[in-house]
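[1] What shape does this take:
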Amino acid sequence: MKPVLGLGSNAAQFILLIIVNIFVGAMVGMERSLLPSIATEEFHLRDSAAILSFILVFGLSKAFTNYLAGRLSDHLGRKPVLIVGWLVALPVPFLLMWAPSWSWILFANLLLGVSQGLTWSTTVIMKIDLAGPERRGLAMGLNEFAGYFAVAGSALATGYVAAHWGLRPDPFSLGVVYVVVGLGLSLFWVRETREHMQQEVGLATRPPPALSPSELFWRTSWRDRELSLVTQAGLVNNLNDGMAWGLFPLLFAAAGLSLVEIGWLVALYPAVWGISQLATGALSDHLGRKGLIAGGMGVQGVGIFVVSLGRGIPAFALGQVLLGLGTAMVYPTLLAAIGDVAHPSWRASAVGVYRLWRDLGYAFGALIAGFTADFFGMVVALNLVAGITFLSGLWVAVRMRETMIFSPPSEGRKRDGWDSLGPPCPPPCHCRNNPQSAGAQQGAHRN
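    Numbering: from 1, shown residues only. As a prediction, the model looks like this:
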C-alpha cells in the first residue's frame, strides 16, 4: 500500500512515537535535578568544572551519536536505530543507582548520551517522515513537547523521591521502568517510516542530489547559509541548556533552597519549554521560522539574566519561565527549518549533522560555565552565557532568510521543488537552484 503523508493519515503511529519520546525524555530528566547534589554530597566534588563533567561527557557522546544516527537511519532504516538506542540505555539506571565513584557516573552518562542520540534523533526523523511538509512545525512541536515535558516530570518525580528516601538508589529505579516500556513499544509496535520519506522524494520532479558524507557535513555546517545559521543557533541553545543543567541546581542550593524546591525550579524550565512547544511549533507553520528563532534566543538571554540577578524563588521562577518560553520558540522551529531546506533523501543525515553541532553545545556549555564559575563566580558565568545567546539571536536576525519558501508542496500539488543542489532560491536569486531563473549563471549558489 502506498504510504500517505500527513498527521491525520498517520495519527496512530504518530501518537505512538510521541509516547515513545516521553520515555526518551524521562530518561535524561531523572538525573536533571540530582547529579550536581550527588557530586557534592556523595563524591565531595567542589570545582564547578569537575561537577559539570557529566554534562561534558553526555554532550560529546550524544553529539557524535546524533550524526551516526542520521547516517544509519538513511541506510538501515529508522526502527533498527531506535531499538539499538534503547538497548544501550538498559544499564544506565543501574549504574546511576550503584556507581562506586564519579568515573562510573561519567560512564553512565556516556551511555545515556549514546542512547539519547539514537532514540531522540530517530523519533524526530520518523515524525518528519510521517508529517510531510505541510505541518512540519506542528509535528516538531508535538515531539519536543512530549520529550521535554517528560524531562520536567521526571526531574520533579526524582526530586520528591530523593527528598524522602535519599539521593540514591531509589530515584533511579524509575529509569528501569522507562527503559523497559520504551524498548517494548519500539520493538513491537513502532513501524518503519522510511517509505514515507521516499514518497516525499517523489513529489519533486528532479532527481535528488548525490552527496558524499563530507559534502553533506560541510553543506549543513557551513556552506548553506540557512542550514549553518540553524546549526549555530542550535549549538548556542544547548550551550545555555548545559549551563542551566549544571549551574542552576548549585545556584539554588547556595541560596538555601531544599531538594524539593530545587526540584520544582529545575522542572519549571523544561515544563514551560515542553508545553509552549504545542503552540510555537504550529505557530512557525503560519508565521515562519526566522522570527521565532531570533526572538526566542533573545527571550532566553533575558531569562538567564533574570536568574543571575535573583535572590529567591520568585525571581528564579520568573527566569526559568522566560528561559523555557524562549527555548520553546527556538527548539522545534530549528528542526522544522532543517526539514524545510534539506532534500528528503538526505534530510535524516542533515538532521544528524545539525544535532551533532547542537549537542556539542552541552560540552561547550559545561566547559565555559564551569571554568568561568570557578574563576569568576556563577553570576559572571550566567551573564556570559546570556550574552552569547543574545549575539546568536542577533546573527540569525541579520543573516537568515525565511526557510518555509524552500519547502516542497504536499501530494496533490506537485511542482518543481528541489533540484540536484537542493531547494529553490527565493526571488530575486538568480542561481541554478531557482527553477524560475532559466539560464542563470552556473557558478552562483544560495550562499
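[2] contacts, neighbours, all on C-alpha from now
    Noted.
[3] Residue ranges in the stretch 1-150 of the chain under the pLDDT threshold?
    1 (pLDDT under 70).
[4] where exactly do the helices run in it?
    For the stretch 1-150 of the chain, applying DSSP state H, counting those that start in this stretch gives helices covering 11-29, 35-41, 48-51, 53-76, 78-89, 92-98, 102-131, 136-165.
[5] These: which one's closest to G319?
    Closest to G319 of those is helix 136-165 (C-alpha to C-alpha; 15.8 Å).
[6] Report the angle between the next helix-or-strand element following the closest one and helix 102-131.
    Using DSSP states H and E, the helix or strand that directly follows helix 136-165 along the chain is helix 173-188. If you take axes from the mean of the first three to the mean of the last three C-alpha atoms, to 10 degrees, helix 173-188 sits at 40 degrees to helix 102-131.
[7] Please identify the buried residues of helix 173-188?
    Neighbour counts over helix 173-188 (16 or more other C-alpha atoms under 10 Å) mark S173, L174, G175, V176, Y178, V179, V181, G182, L183, S186, L187 as buried.
[8] list the buried ones in the top helix by length along the chain?
    Using DSSP state H, we find that the single longest helix of the chain is helix 344-376. Using 16+ other C-alpha under 10 Å as the test for burial, helix 344-376 gives 344-373.
[9] Which of the helices of the stretch 1-150 of the chain sits closest to F248?
    Per C-alpha to C-alpha, nearest to F248 of the helices of the stretch 1-150 of the chain: helix 35-41, 9.4 Å.
[10] next helix or strand past the longest helix of the chain?
    helix 378-399.
[11] Mind giving me the packing neighbours of that next one?
    helix 225-254, helix 290-309, helix 344-376 (3 or more C-alpha pairs under 8 Å, 6 or more residues apart in numbering; DSSP states H and E).
[12] one more time with 6 Å, if that's ok
    helix 290-309, helix 344-376 (3 or more C-alpha pairs under 6 Å, 6 or more residues apart in numbering; DSSP states H and E).
[13] on that earlier part again, report all helices and strands that the longest helix of the chain contacts.
    For helix 344-376, the elements it packs on are helix 48-51, helix 53-76, helix 225-254, helix 378-399, judged by 3+ C-alpha pairs under 6 Å, 6+ apart.
[14] Now for the closest residue to A89 other than its chain neighbours, how many residues are close by?
    Nearest non-adjacent residue to A89, counting by C-alpha to C-alpha, 6 or more residues apart in numbering: S115, 5.5 Å away. By other C-alpha atoms under 10 Å, 30 other residues sit near S115.
[15] how close does S115 sit to V84?
    To V84, S115 is 8 Å away according to C-alpha to C-alpha, to the nearest Å.
[16] can you check V321 too?
    Taking C-alpha to C-alpha, one finds V321 at 35 Å from V84.
[17] Just want to know which of these two has more residues nearby.
    Neighbours were tallied for V321 and for V84 using other C-alpha under 10 Å; the higher tally belongs to V321 (22 against 17).
[18] Let me see the mean pLDDT of stretch 264-274.
    For stretch 264-274, mean pLDDT is 89.
[19] Need the residues that contact that stretch.
    Surrounding stretch 264-274, the residues in contact under the criterion C-alpha atoms under 6 Å, 6 or more residues apart in numbering are F145, Y148, F149, A152, A155, L156, Q320, V321, G324, L325, T327, A328.
[20] Next one: the fourth one, what pLDDT does it get?
    Yep, that's A152 we're talking about. Looking at A152, its pLDDT stands at 90.
[21] In terms of pLDDT, where does Q442 sit?
    What the model reports for Q442 is a pLDDT of 31.
[22] ok, residues contacting stretch 392-401?
    E226, A294, M297.
[23] Where does pLDDT dip in the stretch 151-300 of the chain?
    For the stretch 151-300 of the chain, applying pLDDT under 70 flags the ranges 200-210.
[24] Just the CA coordinates for stretch 383-394, please, in CSV.
    Provided in CSV are the C-alpha atoms of stretch 383-394 (Å, rounded to 0.1, in the frame of the first residue of the first chain):
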residue,chain,number,x,y,z
ASN,A,383,25.8,36.6,32.3
LEU,A,384,28.5,35.4,29.8
VAL,A,385,26.2,32.7,28.5
ALA,A,386,23.3,35.2,28.3
GLY,A,387,25.5,37.5,26.2
ILE,A,388,26.5,34.6,23.9
THR,A,389,22.8,33.8,23.5
PHE,A,390,21.8,37.4,22.6
LEU,A,391,24.6,37.5,19.9
SER,A,392,23.4,34.2,18.4
GLY,A,393,19.9,35.5,18.0
LEU,A,394,21.2,38.8,16.5
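[25] closest one to L211 among the helices of the stretch 1-150 of the chain?
    helix 53-76 (12.1 Å).
[26] rewinding a little: contacting residues around the residue nearest to A89?
    By C-alpha under 6 Å, 6+ apart, the contact list for S115 reads G85, V88, A89.
[27] The second one: neighbouring residues, count only.
    What it means is V88. Residues lying near V88 (other C-alpha under 10 Å) number 18.
[28] returning to what we had before: please state the offset of the longest helix of the chain from the chain centre?
    10 Å (C-alpha atoms, centre = their mean, to the nearest Å).
[29] now it: mean pLDDT?
    On average, helix 344-376 scores 89.
[30] circling back: now the helices of the stretch 1-150 of the chain in TSV, with distance to E215?
    Putting the helices of the stretch 1-150 of the chain into TSV (distance: least, C-alpha to C-alpha, whole Å) gives the following:
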stretch	distance to E215
helix 11-29	31
helix 35-41	39
helix 48-51	36
helix 53-76	13
helix 78-89	22
helix 92-98	35
helix 102-131	20
helix 136-165	25
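[31] for those helices, which one sits closest to V236?
    helix 53-76 (12.8 Å).
[32] So which bits of the closest one are buried?
    By neighbour count on 16+ other C-alpha under 10 Å, the buried set for helix 53-76 is 53-74.
[33] before we move on, back to that, and the helices of the stretch 1-150 of the chain: which comes nearest L309?
    Comparison of those against L309 by C-alpha to C-alpha identifies helix 48-51 as nearest, at 19.4 Å.
[34] got a list of what the nearest residue to P169 once chain neighbours are set aside touches?
    Distances taken as C-alpha to C-alpha, 6+ apart put M97 closest to P169, at 4.3 Å, once the chain neighbours are dropped. Contact analysis of M97 by C-alpha under 6 Å, 6+ apart lists R168, P169, F172.
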